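Q: Need coordinates for the below:
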Amino acid sequence: MQPIVTSIQKLLKQKLNIYSPALTPKTDLKKDLNMVEWEMLYLFNAIEQTWHISITKEDSENIVNINHLLAVVKRQVPSSTRVHL
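A: Numbering: from 1, shown residues only. As a prediction, the model looks like this:
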């Protein structure tokens, strides 16, 4: 799990200039990271490109915190690939 969280943290820094000292599964994207809707969509797009997955509209509407985001990524990324993330 940690490599995916670290990768998400890097994407937040690189793509959106959002610096969070430590992401936890309970980190709320809107409340804790002060992300607005377009930033979340931009993050989701960066994640889709990084891991070659597709985050559906239904999934994106249900992603509130890092744990929800991890669940979507893990569901679509093969476990053999995750060790390299």
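Q: how about the helices of this structure, start to end?
A: Secondary structure of the chain (DSSP state H): helices at 2-16, 37-51, 57-62, 66-76, 79-82.
Q: Pick the most deeply packed of those.
A: Most buried of those, by mean neighbour count (mean count of other CB atoms under 10 Å): helix 66-76, with a mean of 17. Quick note: C-beta positions are derived from backbone N, CA and C, even for glycine.
Q: Find the nearest non-adjacent residue to Val72, please.
A: Among residues not flanking Val72 along the chain, Asp59 sits closest, at 4.9 Å (CB to CB, 6 or more residues apart in numbering).
Q: Kindly apply the preceding question to Gln9 instead.
A: Nearest non-adjacent residue to Gln9, counting by CB to CB, 6+ apart: Leu23, 5.3 Å away.
Q: Angles on the backbone of the one you found, please.
A: Leu23 adopts backbone torsions of phi -90, psi 140, taken as degrees, to the nearest 10.
Q: Around it, count how many other residues there are.
A: When neighbours are defined as other CB atoms under 10 Å, Leu23 has 19 of them.
Q: JSON lines please, covering the helices of the chain and showing mean pLDDT.
A: Shown next, in JSON lines, are those (pLDDT from 0 to 100):
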{"stretch": "helix 2-16", "mean pLDDT": "86"}
{"stretch": "helix 37-51", "mean pLDDT": "94"}
{"stretch": "helix 57-62", "mean pLDDT": "95"}
{"stretch": "helix 66-76", "mean pLDDT": "92"}
{"stretch": "helix 79-82", "mean pLDDT": "55"}
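Q: State the distance from Pro3 to Lys15.
A: As judged by CB to CB, to the nearest Å, Pro3 and Lys15 stand 18 Å apart.
Q: ok, Lys15 to Glu58 distance?
A: Lys15 is 23 Å from Glu58, by CB to CB.
Q: so who does Leu12 touch?
A: Ile18, Tyr19, Ser20, Leu33, Leu43 (CB atoms under 8 Å, 6 or more residues apart in numbering).
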